[in-house]
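**Q** Sharing a sequence plus its predicted fold:
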Amino acid sequence: MKTVNVAIIGHKFMGKAHSNAWANINKFFDAPLKPVLKVACGRDEKGTREFADTWGWQDVETDWRKVVERKDVDIIDISTPTDLHAEIAVAAAQAGKQIFCEKPVAVSYAQARQMYEAAEKAGVVHYLNHNYRRVPAISYAKKLIEEGKLGRIYHWRGAYLQDWIMDPGFPLTWHLQKKHAGAGPHFDLGSHSVDLARYLVGDIAEVTAMTSRFIEKRPLPGAGAGTFSAGAAGKESGEVTVEDAAFMVARFEKGALGSFETSRFAGGRKNFNTFEIYGSKGSIAFNLERLNELQYLSLEDDGDQQGFRTIMVTNATHPYVGAWWPPGHIIGYEHEFHHAVLDFLKAVDGKGKVEPNLLDGMREMQVLEAALQSAETGRAVKVSDVK
C-alpha cells in the first residue's frame, strides 16, 4: 500500500486524538493510503518525546519551521493553540504540504482568509477538523435533510455548554487570552455549532449577539500550566481577555431563524453539544452526550402516534458504522477522528474534496466576527459586511 508521511505539530489533547486516528485508520477502514507517523513537534522537548514514544511517532522536533521544510513529510497536522494556525498553515501550503488543521481555524477572519488563499494557490488538500460532522448520527441527520424528511427548515436551536473554568482558581491558560485564542467559547465552542448549522441548514446572513465575562482576573499558571486543572495555578494573577459566555441569534440565507448559546459557566455541563432543527415536515434533535442516538419526528407519517422517536445510529447501513462493531455496540468520541482521517486520505489520494476545509473556516469566522461586532455595537450585523 502507498504510504504518506505525517507530521503533527502540537501534542496535548488534540495531539492524542489525532495520533490515535492516524495510527489505527488502516486497521478498521479500507483507506487508500497508509499514514506513517514521521515526526511530532512541540516546544517542550521532553514532553514531546514522551508523547512520540507513547503514540509511535518516529522523530521529535521543537521547531515547527524545520518540520514544514522536511522533504520526507507529506502532511502537516496542526494541533497547536489557535494563534499559531495561520503561520503554520501558510508555510505548509507554500512548502506543498497537505494540511489537516484543528479548529477554530484562526483568531480572525483575516487570518482564515490568508490560510485559505495560500492553500488554494498552492493547490494542496486542506481540511478543517470539525470532527462532529462525522458523528454517524449527524451524518445521518444530513441524509434525512437531503431526502426532504424535514421539508422547509424553519428553526435551528443550538447550544454548546461546558463548566470547566467556573472555579475562580482555574489558571489563566491560553484559552482565556485573546491574543492566543481570539475569543472564548464563542470561537472555541461556537465554531463547532456554526459549522454544524452551516452543514445542516445553510449559510448565515445576519447575526445579533451579546457576550459576558464573569471572572475578570485569574491566577497565572504555575507548574503544569496548560492543563485543565485549577491546581496548576500560581499566586500572581492576570487579566482574562475573552468572554465567558456568548449568545447569538441568526437569520439564515434561506430564511430560517437560529439561536446559538456557548458558555464555559454552565454548571454540570461537561461537553453538552446539542441542536434541534424544526421543519415543515419533521424535526430532529441531537445531543453529543448521547452520541449514538438521533431524535426524529415526522409530521406526515405518525398520525395520532406523533412524537419523537430515538434512532440508534449503529447499523452497518449508517454512515461509517459498518467498519466498527455489530449493531447496538456503540462508538465514541475518538471514532470521529478516524472518520475525518479516512475522508482526508481519500482527498489526498485524489478521490474528491474533503469538507469542511479552509474555505468553510473562513466563512465560519465571518459569522463569528460579525457576532462579536454585534455584541460591541448592540446592532445586527450582516455577515457579508465582515471583510
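**A** Looks like it arrived, so ask away.

**Q** Domain map for this protein?
**A** 3-132, 135-331+364-376 (automatic domain parsing).

**Q** Look up which helix or strand Pro319 falls in, please.
**A** Of the helices and strands defined by DSSP states H and E, none includes Pro319.

**Q** pretty sure it is touching Arg133, no?
**A** No - applying Cβ atoms under 8 Å as the test, Pro319 and Arg133 come out as separate, 10.2 Å apart. C-beta coordinates here come from the backbone N, C-alpha and C atoms, glycine included.

**Q** Look at those two and report which has more neighbours.
**A** Between Pro319 and Arg133, counted using other Cβ atoms under 10 Å, the more crowded position is Arg133 (23 against 17).

**Q** Backbone torsions only: list them for the more buried one.
**A** phi -60, psi -30 (degrees, to the nearest 10).

**Q** I figured it hits Ser193, correct?
**A** No - here Arg133 does not reach Ser193: they are 11.9 Å apart, not a contact under Cβ under 8 Å.

**Q** Next, Ser212: phi, psi?
**A** Per degrees, to the nearest 10, the backbone of Ser212 is at phi -150, psi 150.

**Q** For Pro81, see how far away His186 is.
**A** Using Cβ to Cβ, to the nearest Å, His186 is found at 16 Å from Pro81.

**Q** Enumerate every residue touching Leu150.
**A** Leu144, Ile277, Tyr278, Gly279, Ser280, Lys281, Gly282, Ser283, Ile284 (Cβ atoms under 8 Å, 6 or more residues apart in numbering).

**Q** Same list, those residues, but as JSON lines with distance to Gly258 and secondary structure please.
**A** Formatted as JSON lines, those follow (distance: Cβ to Cβ, whole Å; DSSP: H, G, I helix; E, B strand; the rest coil):
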{"residue": "Leu144", "distance to Gly258": "18", "secondary structure": "helix"}
{"residue": "Ile277", "distance to Gly258": "9", "secondary structure": "strand"}
{"residue": "Tyr278", "distance to Gly258": "11", "secondary structure": "strand"}
{"residue": "Gly279", "distance to Gly258": "13", "secondary structure": "strand"}
{"residue": "Ser280", "distance to Gly258": "16", "secondary structure": "coil"}
{"residue": "Lys281", "distance to Gly258": "19", "secondary structure": "coil"}
{"residue": "Gly282", "distance to Gly258": "18", "secondary structure": "strand"}
{"residue": "Ser283", "distance to Gly258": "14", "secondary structure": "strand"}
{"residue": "Ile284", "distance to Gly258": "14", "secondary structure": "strand"}
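
**Q** Going by distance to Arg213, which of those wins?
**A** For Arg213, the nearest member of these is Ile277. The distance, counting by Cβ to Cβ, is 30.7 Å.

**Q** how far away is that closest one from Asn271?
**A** 20 Å.

**Q** higher neighbour count, these two?
**A** A side-by-side neighbour count of Ile277 and Asn271, using other Cβ under 10 Å, places Ile277 first with 25 against 13.

**Q** In the beta-sheet assignment, what are the partners of the more buried one?
**A** Trp156, Ile284 (DSSP bridges).

**Q** Tell me if I'm right that it and Leu196 touch.
**A** No - judged on Cβ under 8 Å, Ile277 makes no contact with Leu196 at a distance of 9.8 Å.

**Q** what is in contact with these two at once?
**A** Contacts common to Ile277 and Leu196, judged by Cβ under 8 Å, 6+ apart, are absent.

**Q** if we can go back for a sec, overlap of the contact sets of Pro319 and Arg133?
**A** Ser139.

**Q** hmm, back to that, wait, which of the domains of the chain is closest to Leu342?
**A** Using Cβ to Cβ, the nearest of these to Leu342 is domain 3-132, at 4.9 Å.

**Q** Let's see the distance spanning that closest one from one end to the other.
**A** One end of domain 3-132 sits 27 Å from the other (Cα to Cα, to the nearest Å).

**Q** In the stretch 51-200 of the chain, mark out all the helices, start to finish.
**A** 64-69, 85-94, 109-122, 136-146, 178-181, 185-188, 190-200 (DSSP state H, counting those that start in this stretch).

**Q** and of the contacts of Leu150, the nearest to Thr173?
**A** Of the contacts of Leu150, the one sitting nearest to Thr173 (Cβ to Cβ) turns out to be Ile277, at 33.7 Å.

**Q** what residues are up against that closest one?
**A** Ile277 touches Ala141, Ile145, Leu150, Ile153, His155, Trp156, Arg157, Leu200, Val201, Ser283, Ile284, Ala285, counting by Cβ under 8 Å, 6+ apart.

**Q** Please report the distance of the fifth one from Met166.
**A** So that's His155. His155 is 30 Å from Met166, by Cβ to Cβ.
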